[in-house]
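>>> Pasting the sequence and the predicted model now:
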Amino acid sequence: MEKKAAGRRGHDAPAAPQQPDGTAAAVSDQEIYDRIVTSIMEHRLPPGTKLGEDKLARIFGASRARVRQVLARLALERIVVLQPNRGAFVAEPTVDEAREVFEVRRPLEALVVRRIVARRDPALLARLREHVAAEEAARAARDRRAIIRLSGEYHVLLAELSGSTLAARLMHELASLTCLIIFLYDAPSVPACRDQEHAEITQALADGDEATAIRLMTEHLDHVEACLDLSRGAAQELDLEAALAG
């Protein structure tokens, strides 16, 4: 379990992408969405961060209307909260919501495991092994942001490979919420979860051992939840432009 990463401060972050003539390059709505979600999953955007439309429009070189559409999409996924007369903020899951996320994830991830085992597709396992290798490389390089992001993306990838569009959509939302929960409630005094858990789950899937894979997945989620201190939580301010730097 990675500990909280403080937001980068300073003015060294790049501005919006530029075209050869010096004008702002076009950024798609999906790119804006992906940048915000990635920054959340890498713990660069803490819960409670204000996402001002004007500032985001300047950062991405996009209109306020397009930024507003992206924020509305994020709000539907509960990653962002829209407050009347105040604007958009990165969600701050409550303790009850944190517990609910893990309560929902356990049966959902068990379903994903069963579907992957039933598919018996070596290509799926190869993709999972590639992802686990990327996680191991990030740990070897001590790249905290990549470790955090890849850890969440492993579960999203599992859901995508299960063949269930609904499971993939739900897992994408839950993985992002889990990153926010970890940022808020990470307990520094609790031993970190084992690095090899994703590798062990992948091996059980490769073996076609559904029962073991579900047990390992449940234990993994238990370990993540056990690394949280659900009696506290605090947000922190940061440089929004630096946090969203690509």
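Arrived safely, thanks for sending.
>>> pLDDT of the top helix by length along the chain, averaged?
As assigned by DSSP state H, the longest helix anywhere in the chain is helix 95-119. The average pLDDT within helix 95-119 is 96.
>>> try stretch 163-178
Mean per-residue pLDDT for stretch 163-178: 95.
>>> Tell me the gap between it and the middle of its chain.
10 Å (Cα atoms, centre = their mean, to the nearest Å).
>>> now what about that stretch, what contacts it?
Outside of stretch 163-178, the residues within contact range by Cβ atoms under 8 Å, 6 or more residues apart in numbering are 37, 40-41, 77-79, 91, 93, 97, 101, 104-105, 108-109, 111-112, 115, 119, 152-153, 155-156, 158-160, 162, 224. Glycine gets a C-beta too; all of them are placed from N, C-alpha and C.
>>> what angle separates the following helix or strand past the longest helix of the chain from helix 95-119?
Next in sequence after helix 95-119, counting helices and strands by DSSP states H and E, comes helix 122-140. Using axes from the mean of the first three to the mean of the last three Cα atoms, to 10 degrees, the inter-axis angle of helix 122-140 relative to helix 95-119 is 140 degrees.
>>> Check which helices and strands the next helix or strand after helix 122-140 is in contact with.
Once helix 122-140 ends, the next helix or strand along the chain (criterion: DSSP H and E) is helix 144-161. Where contact means 3 or more Cβ pairs under 8 Å, 6 or more residues apart in numbering; DSSP states H and E, helix 144-161 is packed against helix 29-41, helix 95-119, helix 122-140, helix 165-185.
>>> Can I get those helices in a markdown table including mean neighbour count and distance to A65?
Shown next, in a markdown table, are the helices and strands packed on helix 144-161 (neighbours: other Cβ atoms under 10 Å; distance: least, Cβ to Cβ, whole Å):
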| stretch | mean neighbour count | distance to A65 |
| --- | --- | --- |
| helix 29-41 | 20 | 10 |
| helix 95-119 | 17 | 30 |
| helix 122-140 | 15 | 36 |
| helix 165-185 | 21 | 24 |
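>>> Wait, I36 touches V70, no?
Yes: assessed by Cβ atoms under 8 Å, I36 is found in contact with V70 at 7.1 Å.
>>> among the helices and strands packed on helix 144-161, which is nearest E241?
For those, the distance to E241 is smallest for helix 29-41, at 10.8 Å, taking Cβ to Cβ.
>>> Tell me what angle whatever helix or strand comes next after that closest one forms with helix 29-41.
Downstream of helix 29-41, the first helix or strand assigned by DSSP H and E is helix 53-60. Using the same axes, to 10 degrees, the direction of helix 53-60 lies 100 degrees away from that of helix 29-41.
>>> hmm, who's touching helix 53-60?
Helix 53-60 is touched from outside by 15-16, 27, 31-32, 35, 62-64, 66-68, 71, 87-88, 240-241, 244, with contacts defined as Cβ under 8 Å, 6+ apart.
>>> Narrow these to those in helices?
The members of the contacts of helix 53-60 that map onto helices under DSSP H are 31-32, 35, 64, 66-68, 71, 240-241.
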